[in-house]
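Enquirer: quick one, structure for this:
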Amino acid sequence: MTLSEILKGVTVTKMFQTMYGKMVTTHDVKISGIQYDSRKVLRENLFVALKGSGADGHKFLSSAIANGAKVIVIEDDQAIPDSMCMHTGTVKVVVGNTRKALSRIAANYYGTPAASMTMIGVTGTNGKTTTTYLVKQMLEAESKNKVGMIGTVENAIGDEKFPATHTTPESLELHQLFAQMVKNGCTHCVMEVSSHALHQYRTDGIPFAAAVFTNLTQDHLDYHGTMDEYCRTKKVLFDGLLDQSIAVINVDSEYAAAMVKDCKARKISYSILSAADLQAKDLSVTVNGFTATIDGPAISTKLVGRFNVYNFLGAYGVLKGLGMSLSPERCAELNPAPGRFEQIQSPAGWTAIVDYAHTPDALENCLQTIHDVLPKKRTTSIITVFGAGGDRDITKRSKMGAIAERLSDVVIVTSDNPRTEDPMTIINQIVDGILDKMKTIVEADRAKAIARGLSLAKAGDVILIAGKGHEDYQVIGKEKSHFSDKEEILKYIG
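Expert: Residues are numbered from 1 along each chain as shown. This next block holds a predicted model:
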């Protein structure tokens, strides 16, 4: 592909393309690949220098050129002199924002594959993963279409599944995935859209036909600073929708109105608490799922908890907005995402629940769901094992401690992914929010903490192990090692 084809739609502020006194026209420059990691650059590649919180690609321009980069795309013109580009025969392209440029460049390089599918984005603090799983299942059940999926747990092309490294990959990997989906016959793609991805322009230019807003509660304030800024970042997804698109909105969230202010798309509201386009009426939540009347017929699902009612409504809103419907029989077949309120029954009569809950709101939703499905006059205990991730928002830690204390009989505070923080510092910040220290156990070793919680359980008790859900690893320091909450439970059971 030529450079002129790759730069279509990219606003270029300067292009230096002189090699020993000879002009190099963009039509003559052939590009063999795109990279933003200088270590991966090969001959005739185009290298895009991204500015990140951890590293600045502009510092690796010499390395990229030495590895064979034919073109460098930068936003800091002073990062490399024109003379060096002239002597190495490298085309220097200066743009206002390299992250925005990479999104367009990647789309062009892979043939704008997103335009060939019905694109659906799901954003919010909690519920993104389950909602995307439900949208995929609903589309496949009723339309017989092949559906691609991108998210926290895994990426999928129809029935093929691949490990996920980010909730929303970098734009280059995104468009590569889209191209694979189109090649394999996908007509739809549903994806989680994280606030980081929106802030870093990873989804810039993707023609979303539908977008879902699940909720907004405290998370990622280490990155965004304030809830208002967090909200503004999420709103970018809806600001970019065209009038022929649909915006599916949880109006029970206090941020719903702000999220779709000035949004051009057709809006579909959903709610449990108030009148909406889609409202769950006559709702009953049990340990086996929920039943409700939604949009006419009564339905029953295997999805447990009020939070999953919201996830169902958001997914169903997409289906309705796209002109489809879902039969009660299909509703009964829907499955939750892995590691989301996943129940494991013990021969001893207790139940362990593994969930990804790692925010105050998600932890409260999980524990409240356990209360909802247990008898009102219970004699059994709720034991909660959880921690908080390191190098992340510290203000939520004490809040999670207070929630766990209020809704649990026993609280075991342990490590999650401490990363480069001292695990005991994180644990102490969680414990600061707990008033009754007598009901609290501290065990930094997560495997030992899980075993301790299970050892305390008796028949009828529920042990919630929160924070990691589907994850099969733990990050301590900068080392990533295998660890699975579910495996620890099964190991204990024997």
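Enquirer: state the distance from the residue lying closest to residue 137 once chain neighbours are set aside to residue 430.
Expert: Excluding the flanking residues, the one nearest residue 137 by CB to CB, 6 or more residues apart in numbering is residue 334, at 5.4 Å. (Glycine included, C-beta is placed from N, CA and C.) As judged by CB to CB, to the nearest Å, residue 334 and residue 430 stand 34 Å apart.
Enquirer: what's the first-to-last distance across stretch 431-445?
Expert: The first and last residues of stretch 431-445 sit 16 Å apart, counting by CA to CA, to the nearest Å.
Enquirer: flag every buried residue along that stretch.
Expert: Buried residues in stretch 431-445, counted by 16 or more other CB atoms under 10 Å: 431, 433, 434, 440, 441, 443, 444.
Enquirer: in helices only, show me these.
Expert: residue 431 (DSSP state H).
Enquirer: closest one of the buried residues of stretch 431-445 to residue 417?
Expert: residue 444 (12.8 Å; CB to CB).
Enquirer: pLDDT value on the residue lying closest to the closest one once chain neighbours are set aside, please?
Expert: Nearest non-adjacent residue to residue 444, counting by CB to CB, 6+ apart: residue 423, 4.7 Å away. Here the pLDDT value assigned to residue 423 is 97.
Enquirer: residue 296 now?
Expert: With respect to pLDDT, residue 296 scores 85.
Enquirer: that one and residue 278, how far apart?
Expert: As judged by CB to CB, residue 296 and residue 278 stand 10 Å apart.
Enquirer: give the burial count for the residue nearest to residue 444, as a bare number.
Expert: 19 (other CB atoms under 10 Å).
Enquirer: likewise for residue 154?
Expert: Residues lying near residue 154 (other CB under 10 Å) number 16.
Enquirer: list the contacts of it.
Expert: 161, 162, 163, 164 (CB atoms under 8 Å, 6 or more residues apart in numbering).
Enquirer: residue 46 is in contact with residue 68, isn't it?
Expert: No: in this structure, residue 46 is not within contact of residue 68 by CB atoms under 8 Å, at 10.8 Å.
Enquirer: of the two, give the one with the bigger neighbour count.
Expert: Higher neighbour count among residue 46 and residue 68: residue 46, with 27 against 16, using other CB under 10 Å.
Enquirer: the more buried one should be in a strand, yeah?
Expert: Yes: judged by DSSP: H, G, I helix; E, B strand; the rest coil, residue 46 forms part of a strand.
Enquirer: residues in contact with it?
Expert: Contacts of residue 46 (CB under 8 Å, 6+ apart): 3, 6, 31, 33, 34, 35, 69, 70, 71, 72, 73, 105.
Enquirer: turn those into CSV, columns for neighbour count.
Expert: Compiled in CSV, these are given as follows (neighbours: other CB atoms under 10 Å):
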residue, neighbour count
3, 23
6, 23
31, 20
33, 17
34, 25
35, 19
69, 27
70, 21
71, 27
72, 29
73, 27
105, 29
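Enquirer: among those, which two are most distant?
Expert: 3 and 35 (14.7 Å).
Enquirer: span of stretch 453-467 from start to end?
Expert: So stretch 453-467: terminal residues 15 Å apart, CA to CA.
Enquirer: at the geometric centre of this protein, which residue sits there?
Expert: residue 167 (3.4 Å; CA atoms, centre = their mean).
Enquirer: how many residues are close by the residue lying closest to that residue once chain neighbours are set aside?
Expert: Counting by CB to CB, 6+ apart, residue 194 is the residue found nearest to residue 167 once chain neighbours are left out, at 4.2 Å. The number of residues packed near residue 194 is 22, by other CB under 10 Å.
Enquirer: phi and psi next, for residue 194.
Expert: Backbone torsions of residue 194, given as degrees, to the nearest 10, read phi -80, psi 160.
Enquirer: wait, it sits on residue 164?
Expert: No: with contact defined as CB under 8 Å, residue 194 does not count as touching residue 164 (11.5 Å).
Enquirer: so where do the helices sit in the stretch 1-150 of the chain?
Expert: Ranges of helices in the stretch 1-150 of the chain, per DSSP state H, counting those that start in this stretch, are 3-6, 61-66, 82-88, 98-109, 128-143.
Enquirer: helices and strands around the longest one, which ones?
Expert: If I follow you right, that is helix 128-143. Judged by 3 or more CB pairs under 8 Å, 6 or more residues apart in numbering; DSSP states H and E, the packing partners of helix 128-143 are strand 118-123, strand 147-150, strand 188-192, helix 306-321, helix 328-331.
Enquirer: with respect to residue 225, which of the ones you listed lies nearest?
Expert: strand 118-123 (18.4 Å).
Enquirer: what strands line up against that closest one, and which way round?
Expert: strand 188-192 (parallel), strand 208-213 (parallel) (DSSP bridges).
Enquirer: still on that earlier bit, using TSV, lay out the helices of the stretch 1-150 of the chain together with distance to residue 414 and mean pLDDT.
Expert: Compiled in TSV, these are given as follows (distance: least, CB to CB, whole Å; pLDDT from 0 to 100):
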stretch	distance to residue 414	mean pLDDT
helix 3-6	49	94
helix 61-66	41	96
helix 82-88	52	90
helix 98-109	37	98
helix 128-143	23	93
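Enquirer: need those in TSV (columns: distance to residue 314).
Expert: Formatted as TSV, these follow (distance: least, CB to CB, whole Å):
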stretch	distance to residue 314
helix 3-6	36
helix 61-66	42
helix 82-88	49
helix 98-109	25
helix 128-143	5
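Enquirer: compare those helices and give me the one nearest residue 323.
Expert: Nearest to residue 323 among the helices of the stretch 1-150 of the chain is helix 128-143; the distance by CB to CB comes to 9.9 Å.
Enquirer: mind listing what's buried in the closest one?
Expert: For helix 128-143, the buried set under the neighbour-count rule, 16+ other CB under 10 Å, comprises 128-141, 143.
Enquirer: could you check the angle strand 208-213 makes with that helix?
Expert: Angle, helix 128-143 to strand 208-213, by axes from the mean of the first three to the mean of the last three CA atoms, to 10 degrees: 130 degrees.
Enquirer: just to revisit the earlier point, how about the residue nearest to residue 137, secondary structure?
Expert: When the rule is three-state DSSP, residue 334 gets the label coil.
Enquirer: in three-state terms, how would residue 275 be classified?
Expert: When classified by three-state DSSP, residue 275 comes out as coil.
Enquirer: what's the neighbour count on it?
Expert: 8.
Enquirer: read off the pLDDT value for it.
Expert: Per-residue pLDDT puts residue 275 at 95.
Enquirer: same deal with residue 55?
Expert: pLDDT for residue 55: 87.
Enquirer: so what's it up against?
Expert: By CB under 8 Å, 6+ apart, the contact set of residue 55 is empty.
Enquirer: coming back round to it: tell me which of the helices of the stretch 1-150 of the chain lies nearest to residue 175.
Expert: helix 98-109 (4.1 Å).
Enquirer: off-centre distance for that closest one?
Expert: Distance, stretch centre to chain centre, for helix 98-109: 21 Å (CA atoms, centre = their mean, to the nearest Å).
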